[in-house]
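[1] Provide a 3D model corresponding to the input given below.
(one chain, ligands or ions: 1)
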Amino acid sequence: MTLYNLLDQHLFLPIGDLVYGSRVQAKLKELRRTDRLDAAQLRQLQDAKLQRLVRHCYDTVPYYTQLFDRLGIKPEQIKTREDLALLPVLTKQTIRDNYDNLFSTAISPKRWRKSSTGGSTGMPLKFCTDTAEWSSWKASTLRAWEWYGLQLGDKIFSLGGSSINKKKQLFSFKGLYDRVIMRNYKYSSADVTDESMHRNYVEMMKLKPAALRGYGSALYILARYIEKQHLPVCPIKVILTTGEVLMPEYRRKLEEVFHAPLYDAYGAGDGGILSHECPEHQGLHITEEACIIEITDKQGHPLPDGQVGQVCATDLDNYVFPFLRYHVGDMAYIKTEPCPCGRASRLIGEVMGRAGRLMYNKQGVPISPTVLPMMFYPHLDYHNTEYQKTYYKIDKFQIRQDRNGDLLILLKLKDPSEPHEQFNYIIDNYRNHFTGSEVQLQFVDDIPCLPSGKEDYCVSEYEYQA
Ligand SMILES: [Zn+2]
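    Sure thing, here's the model as predicted:
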């Protein structure tokens with residue numbers, strides 16, 4: 001442990017909590033303590049948190065008050081996660097339709113942290129959290145990093161999906177928090193040309209990070225570049241992936257190129273899902289202290305462990321904008337066997353259903369699926385409020401690449417009478433990335449689900465041939 005690790009854990013993190021009003025240090029201590037609880041103790045803790053949350057929802061959240069009354073359910077009837085099945089699932093559409101009624105009237109708007117699923121998972125969903133939720137999120141991540149031998153204060157090289165303004169990173173609270181406390185140095189993966197990969201490589205070598213972090217596909221593109229150029233790499237302790245389904249070939253390539261073990265994470269701000277790969281690679285341990293995961297069919301009926309179904313999440317820490325039985329849109333299953341590592345938290349065996357496979361342009365350059373939705377923002381800038389307004393005029397989209405590598409982009413507008421020309425920037429954005437591909441934009445009344453029943457925003461039949 002270095003002096004920086006010690007200072008970070010005992011000085012910078014507490015100062016961060018003080019300035020921000022968060023409780024990351026306290027939550028982390030709590031999670032370290034509950035990490036080795038047995039199944040019955042963990043259950044007891046989870047049930048108690050659930051009962052408190054349900055009471056709060058009924059008493060202070062108009063949407064839930066009306067729902068419980070309409071169904072004739074009393075909050076006392078929901079004592080365990082099995083009892084949750086009494087309630088219908090919360091869909092993205094229900095949230096959009098009832099947005100204002102989903103806020104708790106007991107919590108001051110001063111504490112709201114408005115959030116959205118952003119540009120990386122298809123159409124965005126607006127929701128809200130607070131610092132308590134944020135503390136829980138950070139602490140759960142830090143606990144998992146400790147499983148992997150990573151300490152707070154170790155440097156992290158992050159490849160994110162968007163362009164991150166360095167000035168902004170240094171002169172905002174969040175930026176300072178990232179740099180000084182999390183020691184998370186963020187770089188952009190939006191541009192996948194060899195030049196930008198080389199820039200990222202040079203930055204990584206300068207930084208000498210303990211960990212690499214980012215979308216599996218973004219890190220994979222960097223690894224491929226390093227391999228192709230036969231470049232040396234600095235010693236890396238661990239690779240941390242998140243944000244999309246990790247393809248087995250990405251895991252293999254990343255571990256091979258960086259000579260380090262990879263640990264995946266699966267989370268979602270909407271629904272408060274937190275899970276981190278078991279240090280013994282047995283699956284993803286659910287942070288049972290912070291969220292309840294059920295696997296259900298489309299209608300919300302619980303499925304037995306081992307069976308693949310919809311991920312249905314109840315966020316135990318979000319009291320501002322509570323999620324009870326939220327269908328996040330991913331498919332997964334829960335393992336039937338207890339984990340040999342000794343932790344009693346349940347394991348997600350595999351997450352399916354989020355777009356994670358790469359699309360290639362005609363030059364064979366892979367385009368990360370997480371960058372594709374960002375192209376619906378003018379200049380790919382999803383931080384700009386004016387551009388967000390344009391983006392929010394879109395109700396749904398789908399990117400289809402045919403066998404020849406050409407693209408058809410389907411767009412469903414919220415208001416079909418909007419002038420179509422204002423969306424021509426989308427064609428330019430796609431042409432810039434998919435060099436040599438025909439790009440067509442088609443305005444449609446509806447975008448049907450795929451034959452698998454999945455709602456996916458990118459579909460490709462194109463296999464790049466070198
Ligand atoms: Zn385990």
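
[2] residue numbers of the chain in contact with the ion?
    Proximity of the chain to the ion (CB under 5 Å from the ion) is limited to residues 278, 282, 339, 341, 343. Bear in mind the C-beta positions are built from the backbone N, C-alpha and C, glycine included.

[3] what's the closest of those to residue 57?
    Nearest to residue 57 among the residues of the chain next to the ion is residue 343, at 29.0 Å by CB to CB.

[4] quick revisit: which among the residues of the chain next to the ion end up buried?
    For the residues of the chain next to the ion, a burial check counting by 16 or more other CB atoms under 10 Å picks out 278, 282, 339, 343.

[5] JSON lines for those, including pLDDT and secondary structure?
    JSON lines is the format used below for these (pLDDT from 0 to 100; DSSP: H, G, I helix; E, B strand; the rest coil):
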{"residue": "278", "pLDDT": "98", "secondary structure": "coil"}
{"residue": "282", "pLDDT": "95", "secondary structure": "coil"}
{"residue": "339", "pLDDT": "97", "secondary structure": "coil"}
{"residue": "343", "pLDDT": "97", "secondary structure": "coil"}
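
[6] just the helices in the stretch 351-466 of the chain please.
    Assigned helices in the stretch 351-466 of the chain, in chain order: 385-391, 424-433 (criterion: DSSP state H, counting those that start in this stretch).

[7] in the last one, what counts as buried?
    Residues 425-426, 429-430, 433 are the ones in helix 424-433 that count as buried (16+ other CB under 10 Å).

[8] where's the dip in pLDDT among those?
    Least confident of the buried residues of helix 424-433 in the model: residue 433, at 85.

[9] surely it meets residue 366?
    No. Applying CB atoms under 8 Å, one finds residue 433 not in contact with residue 366, separated by 10.4 Å.

[10] can you pull the contacts of residue 277?
    Listed by CB atoms under 8 Å, 6 or more residues apart in numbering, the contact set of residue 277 reads 144, 263-265, 283-285.

[11] give me the residues contacting the helix or strand encompassing residue 57.
    Assessed by DSSP states H and E, residue 57 sits inside helix 39-60. Residues from elsewhere that reach helix 39-60, judged by CB under 8 Å, 6+ apart: 34, 37, 64-65, 68, 75, 78-81, 84, 104-107, 288-289, 292, 314, 316, 319, 322, 324, 338, 344-345.

[12] right, and the helix or strand after it?
    Downstream of helix 39-60, the first helix or strand assigned by DSSP H and E is helix 62-71.

[13] returning to that earlier point: and the contacts of residue 277, which of them are in helices?
    Among the contacts of residue 277, the members falling in helices (DSSP state H) are residue 144.

[14] and the contacts of residue 277, which is closest to residue 458?
    Residue 458 lies nearest to residue 264 out of these, by CB to CB, at 20.7 Å.

[15] quick check: that closest one touching residue 284?
    Yes. Taking contacts as CB under 8 Å, residue 264 lies within contact range of residue 284: 6.8 Å.

[16] pass me the low-pLDDT residue ranges in the stretch 51-200 of the chain, would you?
    118-123, 161-171, 192 (pLDDT under 70).

[17] residue of it closest to the ion, please.
    residue 147 (8.6 Å; CB to the ion).

[18] look up how far residue 31 lies from that residue.
    Distance, residue 147 to residue 31, using CB to CB, to the nearest Å: 11 Å.

[19] then residue 101?
    Counting by CB to CB, the gap from residue 101 to residue 31 is 32 Å.

[20] compare neighbour counts for these two and give me the winner.
    Between residue 101 and residue 31, residue 31 has the larger neighbour count (other CB atoms under 10 Å), namely 19 against 14.

[21] ok, now which ones touch that one?
    With contacts defined as CB under 8 Å, 6+ apart, residue 31 is in contact with 139-140, 143, 287, 289.

[22] okay, and it sits in which element?
    With DSSP H and E as criterion, residue 31 is part of helix 24-34.

[23] run the angle between that helix and helix 39-60 for me.
    140 degrees (axes from the mean of the first three to the mean of the last three CA atoms, to 10 degrees).

[24] endpoints of stretch 95-103, how far apart?
    End-to-end distance of stretch 95-103 (CA to CA, to the nearest Å): 11 Å.

[25] show residues contacting it.
    Applying CB under 8 Å, 6+ apart, the contact partners of stretch 95-103 are 61-63, 66, 112, 125-128, 320-322, 326.

[26] can we see that at 10 Å?
    Applying CB atoms under 10 Å, 6 or more residues apart in numbering, the external contacts of stretch 95-103 come out as 57, 60-67, 90-91, 94, 109, 112, 123, 125-128, 270, 320-323, 326.

[27] related to what we said a few turns ago, from the buried residues of helix 424-433, pick the one nearest residue 259.
    residue 433 (30.9 Å).

[28] please name the nearest non-neighbouring residue to that closest one.
    Spatial nearest neighbour of residue 433, excluding adjacent residues (CB to CB, 6 or more residues apart in numbering): residue 367 at 5.4 Å.

[29] residues near that neighbour, how many?
    Residue 367 is flanked by 23 other residues according to other CB under 10 Å.

[30] so it sits against residue 405, correct?
    No. Look at residue 367 against residue 405 with CB atoms under 10 Å: they stay out of range, at 11.2 Å.

[31] who touches both of those two?
    359-361, 434, 460.

[32] could I get those residues in a markdown table, plus columns for neighbour count and pLDDT?
    Output for the shared contacts of residue 367 and residue 405, formatted as a markdown table (neighbours: other CB atoms under 10 Å; pLDDT from 0 to 100):
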| residue | neighbour count | pLDDT |
| --- | --- | --- |
| 359 | 24 | 79 |
| 360 | 17 | 82 |
| 361 | 21 | 85 |
| 434 | 24 | 89 |
| 460 | 20 | 82 |
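
[33] and the residue of the stretch 151-300 of the chain closest to the ion?
    Relative to the ion, the nearest point of the stretch 151-300 of the chain is residue 278 (3.1 Å; CB to the ion).

[34] what's that residue in contact with, if anything?
    Applying CB under 10 Å, 6+ apart, the residues near residue 278 are 144, 147, 263, 284-285, 335, 339-341, 343, 345, 347.

[35] select only the buried ones of the residues you listed in PyMOL?
    To isolate the buried members of those in PyMOL, using 16+ other CB under 10 Å:
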select buried, resi 144+147+263+284+285+335+339+343+345+347
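
[36] identify the contacts common to residue 264 and residue 284.
    275-277, 351.

[37] what about these, which one has the most neighbours?
    With neighbours taken as other CB under 10 Å, the top of the shared contacts of residue 264 and residue 284 is residue 275, carrying 28 neighbours.

[38] and that one, which of the three is it?
    Under DSSP: H, G, I helix; E, B strand; the rest coil, the three-state class of residue 275 is strand.

[39] and residue 332, by the same measure?
    On the three-state scheme (three-state DSSP), residue 332 is labelled strand.

[40] distance check, the closest residue to it other than its chain neighbours against residue 130.
    Of all residues not flanking residue 332 in the chain, residue 351 sits nearest, at 4.6 Å (CB to CB, 6+ apart). Distance, residue 351 to residue 130, by CB to CB: 26 Å.
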